[in-house]
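[1] need coordinates for the below:
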Amino acid sequence: MDSLAFAKTHQESWDRLDYLSRRRVLSGRESDEFAQLYQKTAGDLAVLRSNAPDPDLILNLSAILGRARSRLTGTTFSPVKAVTTWFTITLPLAFYRIRWWSAAVSLACVALFMAVLVTFIFNPHLLTNVGSEETLKNYANNAFQAYYVEYSNSDFTAMVWTNNAWIALQCVAGGVTGIFPLFVLFQNSTQVGQAGGILYHYGSIGEFFQLILPHGQLELCAIFVAGAAGLKIFWAWVRPGRRPRSEALAAEGRQTMLVGFGLIIVLFISGLIEGFVTPSHLPWGLKIAIGSLALIGFWAWVLYFGRRATKRGFSADQSVKDVGWSIAYS
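    Have a look, this model is predicted:
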């Protein structure tokens, strides 16, 4: 069979199907014509594949049928709807389901920070284990403040964002070990407490909080949430419940890795605050208020949309269709 002659004979009906599939509204008569043309074109494609397999013609006809099928079944993809679903259901639900883990980790880390700070305040001689007198004095009077103005605002934002995002992703992905998240959380809490102890010793504790609080509220919260997500993965491995350990670990990993990707966005916001607000000439009270609003806004988004998604029966995990069926265990 001559594929070119076949195409010339049926091209008019194919073009008509393509035209109807692109129209937003069809009349009753056009809808009937559309259904008939779809069936006829599907048959034409089957004939071509069997008797005259012209790759270009088959590809073009398949594209026409694909558009027609989407119109016929009503399964159209909307980027706006997909993004809206991601930010109002999928992502907040992933954060919401580990909210108590995040709260527990945050309280533990703040307690550790305070313990380290108080220890250095009441035992200043311990600072000799951190560095020499000259090094500590330079850190308190120069290096700590210079860190925020050493680079341009945009460069500094990009630097702290990529660094913190990488730490958060490692914290989540390394959660299966049960050790890496604890190491990151311990290191961050003790380092911040140590920095506070050094600046307190040299009379700059006020400046310490002024420089830390604008961006640090959201930034440290993100690291705490990353640690909580990682530990949640580890707990699924330790206590899988009635599911096989591999299945429980896979399900938890799929859901908590969403947290890691969400934290990239959260840390970008904290990076903007650290790069543009913290080193700015705004009043310190306003800077800290901006950081507090960012933190409150994050948790308000998580709690509102996460609770609503939970009540509506949504899940942060992929559907059975995407994951595959598994054997039920009792």
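[2] which SS state does Thr119 fall under?
    For Thr119, the assignment made with DSSP: H, G, I helix; E, B strand; the rest coil gives helix.
[3] so it sits against Tyr200, correct?
    No. The criterion here is CB atoms under 8 Å, and Thr119 misses it with Tyr200 at 11.2 Å. Any C-beta I mention is one placed from the backbone N, CA and C, and that applies to glycine too.
[4] those two: who's more crowded?
    Legend: neighbour count by other CB atoms under 10 Å for Thr119 and Tyr200, higher for Tyr200 (19 against 14).
[5] can you give me phi and psi for Glu150?
    phi -70, psi -30 (degrees, to the nearest 10).
[6] how far away is the closest residue to it other than its chain neighbours from Thr84?
    Closest residue in space to Glu150, ignoring its immediate chain neighbours: Phe156 at 7.5 Å, by CB to CB, 6 or more residues apart in numbering. Using CB to CB, to the nearest Å, Phe156 is found at 32 Å from Thr84.
[7] thought Asn141 was touching Ser204?
    Yes. Contact criterion CB under 8 Å: Asn141 and Ser204 qualify, at 7.2 Å.
[8] out of those two, which sits in the more crowded spot?
    Set Asn141 next to Ser204 and count neighbours by other CB under 10 Å: Ser204 wins out with 19 against 15.
[9] against Glu150, how distant is the nearest residue in space to that one that is not next to it in sequence?
    Closest residue to Ser204 apart from its sequence neighbours, by CB to CB, 6+ apart: Ala140 at 5.3 Å. The gap separating Ala140 from Glu150 is 17 Å, by CB to CB.
[10] more crowded one of these two?
    A direct count of neighbours by other CB under 10 Å for Ala140 and Glu150 places Ala140 higher, at 21 against 12.
[11] what sits against that one?
    Taking CB atoms under 8 Å, 6 or more residues apart in numbering, we find Ala140 in contact with 198-199, 201-202, 204.
[12] quick one: it from Tyr147, how far?
    Plainly put, Ala140 is 12 Å away from Tyr147 if you go by CB to CB.
[13] can you check Pro181 too?
    Pro181 is 26 Å from Tyr147, where distance means CB to CB.
[14] more neighbours: which of these two?
    Pro181 (27 against 15).
[15] so which strand or helix has the more buried one?
    Here Pro181 sits within helix 180-201, counting by DSSP states H and E.
[16] cool, Gly131 as well?
    Counting by DSSP H and E, no helix or strand carries Gly131.
[17] give me the nearest residue to it, chain neighbours excluded.
    Sequence neighbours aside, Tyr139 is the residue nearest to Gly131 in space, at 7.4 Å (criterion: CB to CB, 6+ apart).
[18] for Tyr304, same thing?
    In space, Tyr304 comes closest to Pro92 once its chain neighbours are excluded; the distance is 7.7 Å by CB to CB, 6+ apart.
[19] against which helices or strands is the strand or helix carrying that neighbour packed?
    Taking DSSP H and E as the criterion, Pro92 maps to helix 91-96. Using 3 or more CB pairs under 8 Å, 6 or more residues apart in numbering; DSSP states H and E, the elements in contact with helix 91-96 are helix 245-272, helix 284-311.
[20] for that helix, buried residues please.
    By neighbour count on 16 or more other CB atoms under 10 Å, the buried set for helix 91-96 is 91-96.
[21] before we move on, what SS does the residue nearest to Glu30 when sequence neighbours are not counted have?
    With CB to CB, 6+ apart as the criterion, Glu30 has its nearest non-adjacent residue at 6.1 Å, and that residue is Leu20. Reduced to three states with three-state DSSP, the structure at Leu20 is helix.
[22] residues making contact with the helix or strand where Ala165 lies?
    Element membership of Ala165, judged by DSSP H and E, is helix 153-173. Helix 153-173 has contacts (CB under 8 Å, 6+ apart) with 148, 150-151, 180-181, 184-185, 219, 222-223, 226-227, 229-230, 233, 256-257, 259-260, 263-264, 267-268, 270-272, 274-276, 279.
[23] can you check stretch 191-206 too?
    Here stretch 191-206 makes contact (CB under 8 Å, 6+ apart) with 112-117, 119-121, 124, 127, 130, 136-137, 139-141, 144, 207-209, 212, 216, 220.
[24] go with 10 Å
    109-110, 112-124, 126-127, 130-131, 135-141, 144-145, 207-212, 216, 220, 284 (CB atoms under 10 Å, 6 or more residues apart in numbering).
[25] only the buried residues of that stretch, if you could.
    Within stretch 191-206, the residues that qualify as buried are 192-202, 204-205, counting by 16+ other CB under 10 Å.
[26] so for it, mean pLDDT?
    The predicted model assigns stretch 191-206 a mean pLDDT of 95.
[27] quick one on the thing from earlier: make JSON lines out of the helices and strands packed on helix 91-96 and add mean neighbour count and mean pLDDT.
    Shown next, in JSON lines, are these (neighbours: other CB atoms under 10 Å; pLDDT from 0 to 100):
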{"stretch": "helix 245-272", "mean neighbour count": "20", "mean pLDDT": "90"}
{"stretch": "helix 284-311", "mean neighbour count": "17", "mean pLDDT": "96"}
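[28] that concludes my questions; thank you for your assistance.
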